[in-house]
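>>> Let me see the structure of the following:
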Amino acid sequence: NSPPMQALYRLIEAVAPTDATVLIQGESGSGKEMVAQAIHEASQRAARELVTVDCGTLQETLFESEIFGHERGAFTGADRQKKGMVEEAAGSTLFLDEIGETSLANQAKLLRLLETGTFRRLGGLKSLRADVRFVVASNRDLAELSRGGGFRSDLYFRLESFVIRVPPLRERREDIPLLAEHFLQRFARGIERE
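Sure, this is the predicted structure:
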């Protein structure tokens, strides 16, 4: 019920019906993934499941194959064609969590996808159209990272068109009793007590 959360809900309500790319910024544990889920559930793409990629845990060598997919024979062990997360998210929302952890080379590939709306599977010759809404998140200050050369400024420019900052709990202390009540009820249901 706090004013920062009410402002956050208004931003979600404003951007959800659009297909705009959204950048969610906030500290670890502040609820960025819940914001992404809320945007998706209030969008015209809600009939399909939100597809989430944790860029912080995705190995750099697997990034392109996981995001864009690959063709049979694209590399040793690629014995069949594999759809990437962009194709899996067709008609839905692709949530790229911790995008600030991706390498500059992979950021360039994401930039091309955002600019053109097309991609190629690894080893593929044909460009495919991406019917995806992008929501990205970072616990790092991407503006500062881009000024320091750790994040592509042209990609940041693409992402900063609609930014949602998730306030940490210390900035909305009046929400603590509501959250405590919610978690107590959830815990009680889990052990079948009221």
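>>> Output the helix or strand hosting residue 179 as CSV, restricted to C-alpha atoms.
Assigned by DSSP states H and E, residue 179 falls within helix 176-190. Listed next in CSV are the C-alpha coordinates belonging to helix 176-190 (Å, rounded to 0.1, in the frame of the first residue of the first chain):
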residue,chain,number,x,y,z
ILE,A,176,6.3,-4.8,6.2
PRO,A,177,3.1,-5.7,8.2
LEU,A,178,1.2,-6.6,5.1
LEU,A,179,4.1,-8.8,3.8
ALA,A,180,4.4,-10.4,7.2
GLU,A,181,0.7,-11.2,7.2
HIS,A,182,0.9,-12.6,3.7
PHE,A,183,3.8,-14.9,4.4
LEU,A,184,2.3,-16.1,7.7
GLN,A,185,-0.9,-17.1,5.9
ARG,A,186,1.0,-18.8,3.2
PHE,A,187,3.1,-20.7,5.8
ALA,A,188,-0.1,-21.7,7.7
ARG,A,189,-1.7,-23.0,4.6
GLY,A,190,1.5,-25.0,3.9
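>>> and it, how far from the chain's centre?
Remark: helix 176-190 is offset 27 Å from the chain centroid, using Cα atoms, centre = their mean, to the nearest Å.
>>> Also stretch 169-184?
Counting by Cα atoms, centre = their mean, stretch 169-184 comes out at 25 Å from the chain centroid.
>>> From one end of it to the other, what's the distance?
Taking Cα to Cα, to the nearest Å, stretch 169-184 runs 18 Å from one end to the other.
>>> Contacts for it next, please.
1, 2, 3, 4, 5, 30 (Cβ atoms under 8 Å, 6 or more residues apart in numbering). Using the backbone N, CA and C atoms, a C-beta is placed for each residue, glycine as well.
>>> looking at it, the last one is touching residue 138, isn't it?
No - counting by Cβ atoms under 8 Å, residue 30 stays clear of residue 138, with 11.5 Å between them.
>>> For the two, indicate the residue with more neighbours.
residue 138 (23 against 19; other Cβ atoms under 10 Å).
>>> Next up, the contacts around that one.
23, 24, 25, 98, 99, 100.
>>> cool, residue 95 as well?
Per Cβ under 8 Å, 6+ apart, neighbours of residue 95: 33, 36, 40, 50, 51, 52, 53, 135, 136, 137.
>>> For residue 66, give its distance to residue 40.
20 Å (Cβ to Cβ, to the nearest Å).
>>> More neighbours: which of the two?
A direct count of neighbours by other Cβ under 10 Å for residue 66 and residue 40 places residue 40 higher, at 23 against 17.
>>> does the more buried one sit in a helix or strand, and which one?
helix 32-41.
>>> which residue ranges form the strands in this structure?
22-25, 51-54, 69-70, 82-83, 92-97, 118-119, 128-129, 132-138, 163-165 (DSSP state E).
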